[in-house]
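**Q** Fold the following for me, if possible:
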Amino acid sequence: MLSRFLSVTARRTRHQACRLHAGAGAVVAPPPQALVQSGIRPESLPRHVAVVTDGNRRWAKARGMLTAEGHEAGRRALEHTIWRSHAWGIRALTMEVDYLMGMIERTIRDNIDEYASNGIRMHVIGDPSRRPSSLQNAAREAEEMTRNNSQFHLMLATCYSGRWDIVQACRALAGEVQGKTLRPEDIDEAMLASKLATSVAGVEFWCPDLVIRTSGEVRLSNFLMWQSAYSELYFTDVMWPDFGETEYLQALSSFQSRERRFGQRNA
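**A** All right, here's what the predicted structure looks like:
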């Protein structure tokens, strides 16, 4: 449950990130202290962050622990990252979580009430045919319970691959062409993007602004291949279970130091 890892102080910080509405206007609460102290500009945060949560097994092995213990430590880091992202004002978070299916299911069931009551809309993306029925059921329940939320989109990518995502999007478009509801010449990039798994979060969050990968690997490894075309990439040697507030703030600071051109050349 949330109480296992989120202190009262963190709860207050989380709510400070929300917009407070008064009459016709809107007042934005002061940014969380962690951002202020790190020199992070709240107005320039990435809207959508994606994370490849790599290194659980190696973290456990280096400590003489069981693989399952590494995954449990990774699960705790995942939960912390979700709530930090929510507190700091990031609008969407996609996390690659291809480890023990039972642990993913437990993460969903343990936190869904907190997600529902704190404006978090949850999605589980990836190939449903590769997931056990119990996880499928948990995902459906979570998506239904949070479908009216829009403050923060959480996408857990399990049994997901970028190539699978592109193929399933193409199949969806091909079906519309076959059904004569779409002409092949009308297909463009935006239309294909609307069929990708991340489209569940809406057009504003189809593509991540920042992709983080832990554990020293410097490749995407088939994660959000289409969506990451113009994302800023951040790689760290830190194993995922050790990816905490300091490491997250460093990634955000790196993002804010870059000039984003989206494929355009400087004049």
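
**Q** drop to CA atoms for contacts and neighbour counts, all remaining ones
**A** Will do.

**Q** Just the element for the nearest residue to residue 196 once chain neighbours are set aside, please.
**A** Residue nearest to residue 196 in three dimensions, not counting chain neighbours: residue 169, with 5.5 Å by C-alpha to C-alpha, 6 or more residues apart in numbering. According to DSSP states H and E, residue 169 maps onto helix 162-178.

**Q** Quick one: list the elements packing against that helix.
**A** Counting contacts by 3 or more C-alpha pairs under 8 Å, 6 or more residues apart in numbering; DSSP states H and E, helix 162-178 is packed against helix 189-193.

**Q** Please enumerate residues in contact with the helix it packs on?
**A** 169-170, 173, 199, 206, 227 (C-alpha atoms under 8 Å, 6 or more residues apart in numbering).

**Q** then the helix holding residue 169 to CSV, C-alphas only?
**A** Provided in CSV are the C-alpha atoms of helix 162-178 (Å, rounded to 0.1, in the frame of the first residue of the first chain):
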residue,chain,number,x,y,z
GLY,A,162,8.2,-1.3,-30.0
ARG,A,163,8.0,-3.5,-33.1
TRP,A,164,4.9,-5.2,-31.8
ASP,A,165,3.3,-1.8,-31.3
ILE,A,166,4.0,-0.6,-34.8
VAL,A,167,2.8,-3.9,-36.3
GLN,A,168,-0.5,-3.8,-34.3
ALA,A,169,-1.0,-0.2,-35.3
CYS,A,170,-0.5,-1.1,-39.0
ARG,A,171,-3.0,-4.0,-38.6
ALA,A,172,-5.6,-1.7,-37.2
LEU,A,173,-5.2,0.7,-40.1
ALA,A,174,-5.2,-2.2,-42.6
GLY,A,175,-8.5,-3.3,-41.1
GLU,A,176,-10.1,0.1,-41.6
VAL,A,177,-8.8,0.1,-45.2
GLN,A,178,-10.3,-3.4,-45.8
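
**Q** how about it: buried residues?
**A** 162, 164-166, 169-170, 173-174 (16 or more other C-alpha atoms under 10 Å).

**Q** taking the mean pLDDT, what do you get for it?
**A** Across helix 162-178, the average pLDDT comes to 98.

**Q** picking up where we left off before, and which of the buried residues of helix 162-178 is nearest to residue 261?
**A** Comparing these against residue 261 with C-alpha to C-alpha places residue 162 closest, at 23.3 Å.

**Q** list the contacts for the closest one?
**A** 222-226.

**Q** Since that was my last question, I'll sign off now.
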